[in-house]
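# Below is the sequence, then the predicted model.
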Amino acid sequence: MVTSATLSRADRGTLLMNNIDIEHTDWLEHYGNDFVIVHNPTFKFQARHPYKLGDVLAVICNDGEATGTINLRQYHLRKNNLVIVLADHIMESFEVSPDFKSTYIFMSQSFLYGLNIGDGYKFYESVENNPCILLDDRTANAVNSYVNMCRAMIEISDLNPNTKESLQLLTRLFFLNMGWFIHREAVKKTTDSRQSEVMNAFISLVKSNYHEHRDVEYYAGRMNLTAKYLTTLIKKASGKPALQWIEDYVILDAKAQLSSTQNSIQQICYDLNFPTPSFFGRYFKRAVGMSPSEYRKSIRMNTDTV
């Protein structure tokens, strides 16, 4: 077990390799860079800017409250909430109450792919649409039992050459069980409203295609609607025009890469399918009010002053 007082350079290096910069924690266990459990962490700085993790993240709220935004949608956490953030999701504006107690579990994508959980309950689709669920006490106890069993496996990893496989087996069981609860909650929240149906389908398409397509006509065509009708429905459902949703996802990704990766502005430009860095710079400045380089500099200055 690693405590905040004994956090070694190696353990801190493991965290930083996973884009996790922690100031204090009650305890920490990890198996290489594939699987990290952190209990009651205090991060070096609370991310008020978009942040993209390279890992899959599960957060269990044990007490207190927190508010955060995942992929432009805000969620409020309280005791017994479970949040699952997939590797391509973008977090921002994460604020916690003074009495917030939590357990964070970070899993590499290669670790997750080795679980072979399938998608019987449309797990990934359900997490996309509903990453935050409230567990009943029995289910929350089961989740905490999973955490404790994983801790026990890691603590004896020097005696067990099959530790990774054991962790994957436990985690596969965890996701199979949680997949059902997440799917059930997603179904509960589904309404027969035409607006809600179109809104969910539109957001799902935007998440998958905003790198390549930034015009409303493309999404309207995929949904067999006219651009005018799609714009009207999205505006009624969310209060925001369809084109604004598309642009917000593009800018969110750009901000996340500028703040949480070392990618050059040219790399980010081409990753987001802009023809030239100058075109990307104008697009970004029109939306944000500053150039990409100015934004990155402002993030670093804010981080250094914390």
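Good, I have the coordinates. Because the structure is predicted, anything quoted here is derived from the model rather than measured.

# Near residue 52, how many other residues are there?
For residue 52, the count of nearby residues is 20 (other Cβ atoms under 10 Å). Where you see a C-beta, it was placed from the backbone N, CA and C, and this is true even at glycine.

# what bridges to it?
On the basis of DSSP bridges, residue 52 is bridged to residue 90.

# so it touches residue 258, yeah?
No. Taking contacts as Cβ atoms under 8 Å, residue 52 lies outside contact range of residue 258: 10.3 Å.

# Enumerate residues external to stretch 100-107 that contact any of its residues.
Here stretch 100-107 makes contact (Cβ atoms under 8 Å, 6 or more residues apart in numbering) with 18, 20, 34-41, 53, 55-66, 96, 144, 147, 150, 171.

# List the buried residues of that stretch.
100, 102-107 (16 or more other Cβ atoms under 10 Å).

# and it, how far out from the chain's middle?
Distance of stretch 100-107 from the chain centroid (Cα atoms, centre = their mean, to the nearest Å) equals 13 Å.

# Show the average pLDDT along it.
Stretch 100-107 carries an average pLDDT of 92.

# do stretch 175-182 as well
Here stretch 175-182 scores 75 as its mean pLDDT.

# Send me that stretch as PDB with only the CA atoms.
Provided in PDB are the C-alpha atoms of stretch 175-182 (Å, rounded to 0.1, in the frame of the first residue of the first chain):
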ATOM      1  CA  PHE A 175     -18.400  -4.600 -15.800                       C
ATOM      2  CA  LEU A 176     -20.800  -7.500 -16.600                       C
ATOM      3  CA  ASN A 177     -22.800  -6.600 -13.400                       C
ATOM      4  CA  MET A 178     -22.500  -2.800 -13.800                       C
ATOM      5  CA  GLY A 179     -23.300  -3.100 -17.500                       C
ATOM      6  CA  TRP A 180     -26.800  -4.400 -16.600                       C
ATOM      7  CA  PHE A 181     -27.400  -1.500 -14.000                       C
ATOM      8  CA  ILE A 182     -26.100   1.100 -16.400                       C
END
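
# tell me which residues in that stretch are buried?
In stretch 175-182, counting by 16+ other Cβ under 10 Å, buried: 175, 178-179, 181-182.

# List the backbone torsions phi and psi for the residue nearest to residue 229 when sequence neighbours are not counted.
Leaving aside its sequence neighbours, residue 229 sits nearest to residue 220 (Cβ to Cβ, 6 or more residues apart in numbering; 7.5 Å). The phi/psi pair for residue 220 (degrees, to the nearest 10) reads phi -60, psi -40.

# shouldn't residue 220 be in contact with residue 233?
No. Between residue 220 and residue 233 there is no contact under Cβ under 8 Å: 10.1 Å.

# Wait, a strand at residue 225?
No. Going by DSSP: H, G, I helix; E, B strand; the rest coil, the assignment for residue 225 is coil, not a strand.

# Next, count neighbours for it.
The burial count for residue 225: 18, using other Cβ under 10 Å.

# Can I get the buried residues of stretch 175-182 in TSV including secondary structure and distance to residue 26?
Listed next are the buried residues of stretch 175-182 as TSV, based on DSSP: H, G, I helix; E, B strand; the rest coil; distance: Cβ to Cβ, whole Å:
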residue	secondary structure	distance to residue 26
175	helix	25
178	helix	23
179	helix	29
181	helix	26
182	helix	27
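
# And those residues, which two are furthest apart?
175 and 181 (10.6 Å; Cβ to Cβ).
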